[in-house]
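*Asks:* Sequence first, predicted model second:
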Amino acid sequence: MLARSRLFDFQVDIADRLSDYVQALLERLTSDAQKASKHPLTVVTINPEMIMAAERQPWLKTFLCEASLVLPDGAGVVWALRRAGVWVNRMPGIEFSALLLAEAARQQLSVALIGASAEVNQKAVQALTARYSGLRVVYAHSGFFTDATDEEAVANACANHHPQLVFVALGVPRQEAWMHRYARLFNPQTAFIGVGGSFDVWAGVVRRAPQLMCALNLEWLWRLLSQPFRIRRAGPPLAAFVWRVLTKSS
């Protein structure tokens, strides 16, 4: 059972377990209401960087506000919600996706993977199909396109394979832009999941933070330490997010 809470202008879905989100998504995917809908489902794993980017880009803000399912992924989001009196645990998008892929293999749902380099994409497909016996990956393509025409051709090719779950790993906000731009090509009984750099982890190219750091909501620190270039990109929006939370709460 999911509840919804508000953080600034955004809705965040609250649940006790990651499996609750997976169950909710799959129930909506096959519901009569979704069969009658004109729009596929979208899953967002929201974090402070995404929220602050949305303040500068109206289309992204609309996309996040209209998302079918919003998981509190970022540690800053969890901190802000708890400060507002909403008890919530961090729900990492990569772990949600792993549970969803396991269920997709069990239920024989068709899957597509869009993003990363061609080599990483291929390695991710190989790793996932080895890990989840019976997983049906019906389409896979890198996140590199020669131009807008090529990008749309890839989206059309993906849609023509009728995937039920589309995992998009283009980074924020490119992956949201891709979903926003091309969802119209897909059957309404499709769910799009933005997964950031998850393909790199699944492919074994990038190592995820140690379990203890994940448990302490310090995965963000691990990423900054292992990829220092992120500090320049993530630092300013994170500081702006913290300032907004503190001034809003005071």
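*Replies:* All right, it came through fine. Numbers count the residues shown, from 1 in each chain.

*Asks:* Where do the helices of this structure begin and end?
*Replies:* 18-29, 32-36, 48-56, 58-65, 75-83, 93-107, 118-131, 148-160, 174-182, 198-202, 211-215, 219-226, 229-249 (DSSP state H).

*Asks:* mind listing what's buried in the second one?
*Replies:* Taking 16 or more other C-beta atoms under 10 Å as the basis for neighbour counts, the residues of helix 32-36 that come out buried are Gln34. For every residue, glycine as well, the C-beta is placed using N, CA and C.

*Asks:* so what's the most centrally placed residue in the chain up against?
*Replies:* The chain has Gly194 as the residue nearest its centroid, 3.0 Å off, counting by C-alpha atoms, centre = their mean. Gly194 makes contacts with 42-45, 93, 168-170, 172, 175-176, 179, as judged by C-beta atoms under 8 Å, 6 or more residues apart in numbering.

*Asks:* Narrow the residues you listed to those that are buried.
*Replies:* So, by 16+ other C-beta under 10 Å, the buried ones in these are 42-45, 93, 168-170, 172, 175-176, 179.

*Asks:* tell me which of the residues you listed is nearest to Ala148?
*Replies:* Ala148 lies nearest to Leu170 out of the buried ones among the contacts of Gly194, by C-beta to C-beta, at 14.3 Å.

*Asks:* Please verify my assumption that the closest one contacts Gly143.
*Replies:* Yes: assessed by C-beta atoms under 8 Å, Leu170 is found in contact with Gly143 at 4.7 Å.

*Asks:* For the two, list the residues in contact with both.
*Replies:* Counting by C-beta under 8 Å, 6+ apart, the residues touching both Leu170 and Gly143 are 114-115.

*Asks:* CSV for the contacts of Gly194, including distance to Gly235 and pLDDT?
*Replies:* Converted to CSV, the contacts of Gly194 look like this (distance: C-beta to C-beta, whole Å; pLDDT from 0 to 100):
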residue, distance to Gly235, pLDDT
Thr42, 28, 97
Val43, 27, 97
Val44, 22, 96
Thr45, 20, 95
Gly93, 21, 95
Val168, 26, 98
Ala169, 23, 97
Leu170, 22, 96
Val172, 15, 90
Gln175, 22, 96
Glu176, 21, 96
Met179, 27, 97
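
*Asks:* which one of these is nearest Gln211?
*Replies:* Gly93 (16.8 Å).

*Asks:* Quick one: residues contacting the nearest residue to the closest one once chain neighbours are set aside.
*Replies:* Distance criterion C-beta to C-beta, 6 or more residues apart in numbering; nearest residue to Gly93, sequence neighbours excluded, is Thr45 at 3.2 Å. Contact analysis of Thr45 by C-beta under 8 Å, 6+ apart lists 70-71, 73, 91-93, 96, 194-196.

*Asks:* repeat that with 10 Å
*Replies:* The contact partners of Thr45, by C-beta atoms under 10 Å, 6 or more residues apart in numbering, come to 21, 67, 69-74, 77, 90-97, 172, 193-196, 198.

*Asks:* Restricted to buried residues, select those residues in ChimeraX.
*Replies:* Remark: buried members of these, expressed as a ChimeraX selection using 16+ other C-beta under 10 Å:
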select :21,67,69,70,71,72,73,74,77,90,91,92,93,94,95,96,97,172,193,194,195,196,198
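
*Asks:* from what I can see Asp20 touches Leu2, true?
*Replies:* Yes: between Asp20 and Leu2 a contact is recorded at 6.5 Å, counting by C-beta atoms under 10 Å.
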